[in-house]
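>>> just a sequence and a predicted model for now, questions to come.
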Amino acid sequence: MLIDLLHRLRALFRREIIETELNDELRFHFESQVEKYVAAGTARAEAERRARMDFGGIESVKEECREARGLRGLETLGQDLRYALRMWRRNQGFTVVAALSVALGIGANTAIFSVLDELLLRSLPVRNPHELAVLSLSRRDRQPPDFFGEEPPISYPLYRTLRDSNVAFAGLAAAYEPLHADMKAHGRTSAASSPQVQAELVSGNYFSVLGVDPILGRVLTADDDRVLDGGGGQGPVAVLSYRFWQRRFGLDPAVVGSSVRLNSGLFTIVGVARPGFDGESVGRMIDLWVPVTLIKTLAPQMDLERWMPMPTIIGRLRRGVTRLRAEQAMHAILQRADKSALYGMSPDELRIHVRDGSKGISSLRTQLSVILIVLMSAVGVVLLIACANVATLLLVRAASRRREVAVRLSIGAGRGRLVRQLFTESLLLAMVGGLAGLVLARWGASILVALLSGDSPNVLAGVNADFRILAFAMAATIASALLFGLAPAMQAARVDLTTALNDASRSSQSRRGKTAARLLIAVQVAMSMVLLTGASLFVRSLRNLESLDIGFNREHTLLINFDRADESYRGAKLARLADDLERRIRTVPGVLSTGSATTTPFGGRYDGSPVKVPGYMPRADDPYFVNWNLVGAGFFRSAGLPLIWGREFGPTDVDRGSERGENAAGPGLVAVVNEAFAKKFFGNRNPVGKHFTMRRNTDVEIVGVAKDVKYESLRKQAEPMIYLPSEQDLFHWRDLSLVVRYAGSPRDAAALIAAIRSEVSSAAVGVRISAIQTLQNLADRSLLEERLAADLSSMASLLALALVSIGLYGSVAYTVARRTQELGIRMALGACRADILWMVLGEILLTVGTGVAAGVPLGLAAVRLVSAKLFGVRPADPEALTVAILLMISVAAVASYLPARRAAGVDPMTALRCD
Amino acid sequence: MAEERIDLPQGTLDLLILKTLALEPQHGWAISERIQQISRDVLQVQQGSLYPALHRLERRGWIKAHWSVSENNRKAKYYALTRAGRKQLETDADAWRKLSTAVAQVLDMA
């Protein structure tokens, strides 16, 4: 095989040498033959004549030798390529348009694919990823969740039980959500700049279960789990990710053994994990790993033993154990688990799930997988349109090359050879387009990653043009070439010699080619209609969500979440701190008012209690908890949250509670509830003055009803919510967030945020800001998926429209040029310009109309698949459809009117005279 | 004499070339002479097919070529059997023997 190839290549590049050698070899043979005859006594002249006769035609022998050497295949390829380039130079306009079409199609596909591949298809870069499995719980009375939707997480105590008593897994690891921690490298970074790092808290066996080795030093081991609260062994340890080691420490090996300060704790760096491993979650870059047993060092409010949730439980199945068997085994262990490890639920209320873990866990994947597949299909359609477009142009051009093809056929070229040569042209075109597409894709993918990342850096840093991406682009290129090149090539070679060579029949172009071109245009129009319909629905959904009432005033609101430095900041101590912080923040110019809360929109922090309302019969699907929110004095004003009934809290309410224990007697609490609460428990009647009990029989009186707030997501209906004055419920007050009302435009927010940050850092030692963001930004960020869908599907539709109009313009212009003579005759016989214009336009608009008619039901069927992703519009929204149809028809009309007008402007005399 | 000569069946020329080269490296003319001699002039190698066959065998890697000086002091292209060629010769010769025995048996039946 290799020898064969080497020979062929040598044949191609060293043609002259081979020709000389062939000549020498044959001449030697000839002369030896002559000498043989001379030696036998023949006269020299006669001997030469006989030798020549023996030999036969020397040129044909040479040709056969060349063929035997495999010279032909590559040589004809070379000829074809040279010919193709020559044709390109002659038709530069066509070449540029066609290559650009392919480039846009392939670029868009490769860009989306590279993100889709990273997020959806790629296995974790660990040993035998297919052995990994992910564990989760669900409540029996519900449908299986999408991972951790609203289901109870596995608590640390339950994890420990599962880990220690299981036989199905070779190992079971746990991880807590990464914390943002302040890091100070000892003696390296100045104290002033203490950038935040993403620290993931993991079980000690995390690395050995995943099969990730260190590149330097060591990774965490099960021993590190035993180091509770930093005592014993090596003390608190941390492992760096390679990316972080590179970014922060410049790959300095001396970093192992040195110490860094994370929040308030000192950690020894013991090693660096293998490059390429950024944690078990795709789309999240971890800077360093710390044993989860050290959680109090980083976040003092956390307590492993008390119901601490472990969002990620990932295990490596023993050889031969299926996920189903593992699920049964884990279920048996779950039945024996203690109630205290199950958030007070009993084991038979719960189910345990063992799912494929080869690709790790990714919230970004859960969030975006559907939309990425939708977008991938959309750009796939764009590529199809691009192919149909190029095929149309090729077909149209094939008509002009009929004479050339006929001449070549009549002087003896094989039809197969011609198809091959025409197809080589297409393939070359696709290659050039594909290459340009790759450049576009790199650019597009980086934009896409930036869009996905928002303000958190580094998300999906793994998206790179690697082998898989190149292979995809290559496959797409070749598939495109086959799609748009093969049919026109066959069509072109199927020329009837006598009519093609006959000049007079020039205008009666191949009917089949014409029909094919029209069909392709109709197909392009239909596919564009699908994209347009989808895009207009996505855009309307986004508009609906963007203008939705959150409950809070969307503009002029800033939300600050705090982390406490240690556990002592709660209750009265937290209250004093909050007071101080609010006073300081109110001195910042531009701040109008402040109010504290424990739960803020999109803050991801919720508290809840079981609630009993007299006269209300609980239903089976009721959630276990009703959320409550401890709010300070300025809360309702700062949030711009109006009350529908009743009143806000006053100073008298606060005096009622204060520092009571969980079951304290005495006067009850007062609460403001939201509309959803009122509607659910009181059937929308005014509940002011009514009572309910929460926690263990604490009596609560309702004094007001506030408008609903969408705390979790814009799409979800607001859940019942209880607002309690924080000062009145100091026992439960642990978490602090502030709602800040500010004046000025959103553009002033950045300066304001900086001012507040410096004010807070100069004041408080007990808390630090974990997040500070305008509500507008948070809301926008929560619409990532919707915005992605709307923006990218609009871009795909615009691309499709552009391609279709190029195709229409090209083919109409061409048809008109070919029919000049016919049009001239018609005009000479009395047709007026308008007649001609309508004749040309009518034909093309009929084609477009057919495409639209086919595209509408197709589009309706397609958007039904994504109806779950729409908001506030039905899939068969008449407005969206009308927009799509009008847009399509007007673009088509403009693209065909311009060349048609030229046709109408033909001078009959010139037309008749032209060849 | 001409009537006694037989045209080679398809594919046998390759086998004969390999066999000839198995004895020693040779140039093209000598190969055709050798085949003719050994077959006592019964087998006549068409020169028009000898050279394409040589080039084909070389491309397949069964023989390799080098330039050398001939017995009458002229530059000539010599062909030699490669290891792959030797293996091929064994397989082909075997197949040929089986075929000819079988054909002979069928013909002898009557």
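In hand now; what should we look at?
>>> report all helices and strands that the helix ranked longest in chain B contacts.
Counting residues, the longest helix in chain B under DSSP state H turns out to be helix B:83-108. For helix B:83-108, the elements it packs on are helix B:12-23, judged by 3 or more Cβ pairs under 8 Å, 6 or more residues apart in numbering or on different chains; DSSP states H and E. Yep, even glycine has a C-beta here, placed from its N, CA and C like the rest.
>>> what distance do you get for the residue nearest to residue A:439 when sequence neighbours are not counted to chain B?
Excluding the flanking residues, the one nearest residue A:439 by Cβ to Cβ, 6 or more residues apart in numbering or on different chains is residue A:107, at 7.4 Å. Distance of residue A:107 to chain B, given as Cβ to the nearest Cβ, to the nearest Å: 41 Å.
>>> same thing with residue A:78?
Distance from residue A:78 to chain B, by Cβ to the nearest Cβ: 19 Å.
>>> how about residue A:84?
Taking Cβ to the nearest Cβ, one finds residue A:84 at 28 Å from chain B.
>>> so who does that residue touch?
A:421, A:424-425, A:428-429 (Cβ atoms under 8 Å, 6 or more residues apart in numbering or on different chains).
>>> which parts of the longest helix of chain B are buried?
Across helix B:83-108, burial judged by 16 or more other Cβ atoms under 10 Å in any protein chain shown covers B:85, B:88-89, B:92, B:96.
>>> on that earlier part again, before we move on, which element is the residue nearest to residue A:439 in?
In this assignment (DSSP states H and E), residue A:107 forms part of helix A:92-116.
>>> if we can go back for a sec, of the contacts of residue A:84, which pair is most distant in space?
A:421 and A:429 (13.2 Å; Cβ to Cβ).
>>> burial of residue A:389, as a residue count?
29 (other Cβ atoms under 10 Å in any protein chain shown).
>>> wait, isn't it in contact with residue A:804?
Yes: the pair residue A:389 / residue A:804 is scored as a contact, 7.2 Å apart, by Cβ atoms under 8 Å.
>>> next SSE downstream of the helix holding residue A:107?
That would be, after helix A:92-116 and using DSSP H and E, strand A:132-139.
>>> from the contact counts, what lies against that following strand?
strand A:154-155, strand A:312-317, helix A:323-335, strand A:350-356.
>>> alpha carbons only: can I get that strand in CSV?
These are the backbone C-alpha positions of strand A:132-139, laid out as CSV (Å, rounded to 0.1, in the frame of the first residue of the first chain):
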residue,chain,number,x,y,z
LEU,A,132,-18.7,6.7,35.9
ALA,A,133,-22.2,7.1,37.3
VAL,A,134,-24.0,10.0,38.9
LEU,A,135,-26.3,9.5,41.9
SER,A,136,-29.4,11.6,42.8
LEU,A,137,-32.6,11.4,44.8
SER,A,138,-36.1,12.1,43.9
ARG,A,139,-39.4,12.1,45.7
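>>> angle of that strand against strand A:350-356?
160 degrees (axes from the mean of the first three to the mean of the last three Cα atoms, to 10 degrees).
>>> quick one: mean pLDDT for strand A:132-139?
Taken as a whole, strand A:132-139 has a mean pLDDT of 86.
>>> ditto for stretch A:859-874
Mean predicted confidence for stretch A:859-874 is 84.
>>> how about the residues of the stretch 101-250 of chain A by chain B?
Within reach of chain B by Cβ under 8 Å from any Cβ of the partner chain, the stretch 101-250 of chain A has no residues at all.
>>> closest point of the stretch 101-250 of chain A to chain B, which residue?
Residue nearest to chain B within the stretch 101-250 of chain A: residue A:102 (36.3 Å; Cβ to the nearest Cβ).
>>> next one: phi and psi at the residue lying closest to that residue once chain neighbours are set aside?
Using Cβ to Cβ, 6+ apart and skipping the chain neighbours, the partner closest in space to residue A:102 is residue A:433 (2.7 Å). Main-chain torsions, residue A:433, degrees, to the nearest 10: phi -60, psi -40.
>>> ditto for residue A:346
phi -90, psi 150.
>>> again with residue A:588
Dihedral angles (degrees, to the nearest 10) for residue A:588: phi -70, psi 130.
>>> so what's the residue count around it?
Neighbour count for residue A:588, taken as other Cβ under 10 Å: 19.
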